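Undergrad: only geometry, no sequence info:
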């Protein structure tokens with residue numbers, strides 16, 4: 001009987017789907033994640049001998065390891081097809097050591113997408129295990145152990161049993177504490193704005209304007225030049241209530257609004273939180289299922305998105321071409337930019353794989369909705385729309401700024417109209433910052449010298465606001481900006497500080 005080739009992946013779902021693409025002659029089995037780790041009962045790092053880690057088979061996985069050894073001994077060749085990131089590379093290295101595979105052999109394969117093409121391409125390009133990636137993972141694991149093993153008992157003894165400290169979780173907690181201290185130390189400051197409503201007599205359309213300059217020519221309404229009190233506001237209002245309002249200037253222009261790049265792990269979690277109110281764990285569960293493969297009517301079992309733990313914004317030429325074809329066919333050629341869009345990845349990112357994108361851009365969310373769970377559909381729709389929009393032409397806006405003179409004071413109104421919707425025909429990114437939300441609206445036709453009719457003018461009281469408490473999404477963003485954690489650990493970080501009750505969730509915030 002001919003020997004088969006053995007392919008080892010991490011999860012049973014991936015094993016089943018990959019086996020379907022490889023067919024006869026291959027056996028595909030799951031390692032169920034890591035098979036070796038640093039034993040928890042001791043430090044397991046030899047500090048005196050170059051911090052050498054002392055690994056052991058994870059408790060409860062002894063039988064699985066023996067099964068893997070038996071199958072590897074009988075196989076014609078063994079391929080290590082764990083996930084395409086640092087953790088996956090480390091798992092492959094541990095498997096190679098356990099199974100006595102040569103590190104010089106080209107037995108490492110990766111699948112950025114679980115499709116027939118993705119699997120065939122991965123199998124066609126085996127390589128050696130990347131020892132630099134393995135060492136990067138080991139360094140993080142050793143640091144985690146040194147910090148956690150030394151500090152956790154102290155925290156547990158001094159504060160409460162069961163608590164822990166860690167290389168990443170403690171930094172995350174520090175960010176939350178620092179933000180809370182900022183909030184508690186914050187002293188609100190009163191300020192006022194003067195807001196007016198006008199109509200242009202010919203068309204009677206109402207529009208708003210805000211006071212930007214006082215009668216002495218001083219700017220008002222900026223962070224440095226606020227109207228400080230009701231008394232000052234009332235004095236200005238008395239000067240303005242019976243004034244004549246004349247259009248001083250009308251400035252028109254054009255501006256472009258560009259699409260957001262395709263998702264990486266952190267931005268997917270942030271956008272799913274903003275749009276869907278999904279916690280990070282829920283988002284990643286659905287994304288994992290979409291990557292590993294779902295049974296889609298008419299397509300069979302197929303991975304609908306690429307690998308979901310990534311900080312790279314790279315898009316393959318094939319995916320770009322497929323996305324461009326879809327845009328051209330569905331929206332027309334004018335919705336394609338004059339030159340292809342390329343997005344710059346952060347300097348410390350792993351650029352070996354792609355951004356999160358649909359594995360088949362021509363497969364729309366609606367066409368597979370009946371085959372997906374509610375969460376899978378919502379995440380696929382988010383990933384698909386964001387990717388397609390990232391390839392589309394800019395939105396072109398015609399801007400208009402009107403300055404209005406009254407009794408020496410100056411008011412300003414801004415607005416825009418859409419000249420060409422571009423990518424916004426499909427998708428627009430949400431924001432956490434309410435002050436950045438688009439409050440402009442189209443202005444009626446006005447010309448210099450027009451006398452406007454005042455409908456109302458009011459002084460409005462405001463108070464400066466403290467920084468907002470972190471949400472799961474904004475904490476992930478802060479961790480990323482500070483170079484803390486990796487795409488594979490963001491969910492664990494927030495889950496840990498919540499489960500240990502270092503922080504308490506109130507609504508979306510903590």
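TA: Looks like it came in fine. The model shown is predicted, which means the values in this text are computed figures rather than measured ones.
Undergrad: neighbours of the closest residue to residue 466 other than its chain neighbours, just the number please.
TA: If the residues on either side of it in the chain are set aside, residue 466 comes closest to residue 186, at 3.7 Å by Cβ to Cβ, 6 or more residues apart in numbering. Where C-beta positions appear, they are placed from N, C-alpha and C, glycine not excepted. Residue crowding around residue 186 was assessed by other Cβ atoms under 10 Å; the count is 12.
Undergrad: doesn't residue 468 make contact with residue 186?
TA: No: with contacts counted by Cβ atoms under 8 Å, residue 186 stays clear of residue 468, the gap being 11.2 Å.
Undergrad: for the residue nearest to residue 466, give its distance to residue 505.
TA: Applying Cβ to Cβ, to the nearest Å, the value for residue 186 to residue 505 is 21 Å.
Undergrad: can you check residue 281 too?
TA: Applying Cβ to Cβ, the value for residue 281 to residue 505 is 13 Å.
Undergrad: joint contacts of residue 186 and residue 468?
TA: For the pair residue 186 and residue 468, no residue contacts each of them under the criterion Cβ atoms under 8 Å, 6 or more residues apart in numbering.
Undergrad: ok, now which ones touch residue 397?
TA: Contacts for residue 397 were tallied using Cβ under 8 Å, 6+ apart; they are 254, 255, 256, 257, 416, 417, 418, 419.
Undergrad: run the last query once more with 7 Å
TA: Applying Cβ atoms under 7 Å, 6 or more residues apart in numbering, we find residue 397 in contact with 255, 257, 416, 418, 419.
Undergrad: and the spatially closest residue to the last one that is not a sequence neighbour, what element?
TA: By the measure of Cβ to Cβ, 6+ apart, the closest residue to residue 419 outside its immediate chain neighbours is residue 396, 4.4 Å from it. Under the assignment given by DSSP states H and E, the secondary-structure element containing residue 396 is strand 395-406.
Undergrad: can you pull the buried residues of that strand?
TA: The neighbour-count check on strand 395-406 (16 or more other Cβ atoms under 10 Å) flags 395, 397, 399, 400, 402, 403, 404, 405, 406 as buried.
Undergrad: sheet partners, orientation included, of that strand?
TA: Listed by DSSP bridges, the sheet partners of strand 395-406 and their directions read strand 245-257 (antiparallel), strand 409-420 (antiparallel).
Undergrad: could you list the domains of the chain?
TA: Segmentation of the chain into domains, based on automatic domain parsing, reads 5-136, 138-185+468-499, 190-252+398-461, 265-390.
Undergrad: off-centre distance for the longest one?
TA: Taking the mean of its C-alpha atoms, domain 5-136 sits 28 Å from the chain's own mean (Cα atoms, centre = their mean, to the nearest Å).
Undergrad: just stretch 248-267 next, same as before
TA: Centroid separation for stretch 248-267 versus its chain: 18 Å, with Cα atoms, centre = their mean.
Undergrad: then stretch 377-387?
TA: If you compare the mean C-alpha spot of stretch 377-387 with that of the full chain, they lie 12 Å apart, counting by Cα atoms, centre = their mean.
Undergrad: can you list the residues that contact it?
TA: Where contact means Cβ under 7 Å, 6+ apart, the residues beyond stretch 377-387 that reach it are 260, 262-263, 271-272, 275-276, 283, 286-287, 290, 304-305, 323, 356-358, 361, 364-365, 369, 372, 426-427.
Undergrad: tell me the spacing between residue 265 and residue 420.
TA: As defined by Cβ to Cβ, residue 265 lies at a distance of 32 Å from residue 420.
Undergrad: what of residue 346?
TA: Using Cβ to Cβ, one gets 31 Å for the distance from residue 346 to residue 420.
Undergrad: again with residue 462
TA: Taking Cβ to Cβ as the criterion, residue 462 is separated from residue 420 by 36 Å.
Undergrad: next secondary structure after the helix or strand hosting residue 68?
TA: Under the assignment given by DSSP H and E, the secondary-structure element containing residue 68 is helix 62-74. Of the helices and strands lying after helix 62-74 in sequence (DSSP H and E), the nearest is strand 77-80.
Undergrad: neighbours around residue 81, how many?
TA: Going by other Cβ under 10 Å, the residues that sit close to residue 81 add up to 25.
Undergrad: do residue 245 as well
TA: Residue 245 has 21 neighbouring residues, counting by other Cβ under 10 Å.
Undergrad: wait, isn't it in contact with residue 197?
TA: No: in this structure residue 245 lies outside contact range of residue 197 using Cβ atoms under 7 Å: 10.9 Å.
Undergrad: for my notes, confirm residue 160 occurs in a strand.
TA: No: the assignment for residue 160 by DSSP: H, G, I helix; E, B strand; the rest coil gives coil, which leaves it out of any strand.
Undergrad: can you give me the pLDDT of the nearest residue to residue 463 once chain neighbours are set aside?
TA: Ranked by Cβ to Cβ, 6+ apart and with sequence neighbours excluded, the top spatial neighbour of residue 463 is residue 188, at 4.2 Å. In this prediction, residue 188 carries a pLDDT score of 96.
Undergrad: same thing with residue 1?
TA: At residue 1, the predicted lDDT confidence score is 54.
Undergrad: how about residue 224?
TA: According to the model's per-residue confidence, residue 224 sits at a pLDDT of 86.
Undergrad: low-confidence ranges, this structure, go.
TA: Applying pLDDT under 70 to the chain flags residues 1-2, 347-352, 431-439.
Undergrad: that one: helices as residue ranges?
TA: Counting by DSSP state H, the chain has helices at residues 12-22, 62-74, 86-98, 116-124, 131-158, 169-185, 230-240, 265-276, 280-292, 317-331, 365-368, 374-390, 472-481, 490-499.
Undergrad: save the ones you listed as CSV, and put in mean neighbour count too.
TA: Formatted as CSV, these follow (neighbours: other Cβ atoms under 10 Å):
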stretch, mean neighbour count
helix 12-22, 20
helix 62-74, 14
helix 86-98, 22
helix 116-124, 16
helix 131-158, 16
helix 169-185, 15
helix 230-240, 15
helix 265-276, 22
helix 280-292, 22
helix 317-331, 16
helix 365-368, 16
helix 374-390, 22
helix 472-481, 21
helix 490-499, 20
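Undergrad: redo those helices as CSV? Include distance to residue 40.
TA: Formatted as CSV, these follow (distance: least, Cβ to Cβ, whole Å):
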stretch, distance to residue 40
helix 12-22, 25
helix 62-74, 16
helix 86-98, 17
helix 116-124, 34
helix 131-158, 9
helix 169-185, 16
helix 230-240, 63
helix 265-276, 27
helix 280-292, 23
helix 317-331, 42
helix 365-368, 42
helix 374-390, 33
helix 472-481, 25
helix 490-499, 16
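Undergrad: what's the closest of those to residue 34?
TA: Among the helices of the chain, helix 86-98 comes nearest to residue 34, with 5.7 Å by Cβ to Cβ.
Undergrad: give me the contact list for the closest one.
TA: With Cβ under 7 Å, 6+ apart as the contact definition, helix 86-98 has outside contacts at 8, 10, 31, 34-36, 65, 80, 82, 103, 108, 129-130, 133-134, 136-138, 488.
Undergrad: can you tell me the closest non-neighbouring residue to residue 80?
TA: With sequence-adjacent residues excluded and distances taken as Cβ to Cβ, 6+ apart, residue 80 is closest to residue 92, at 3.8 Å.
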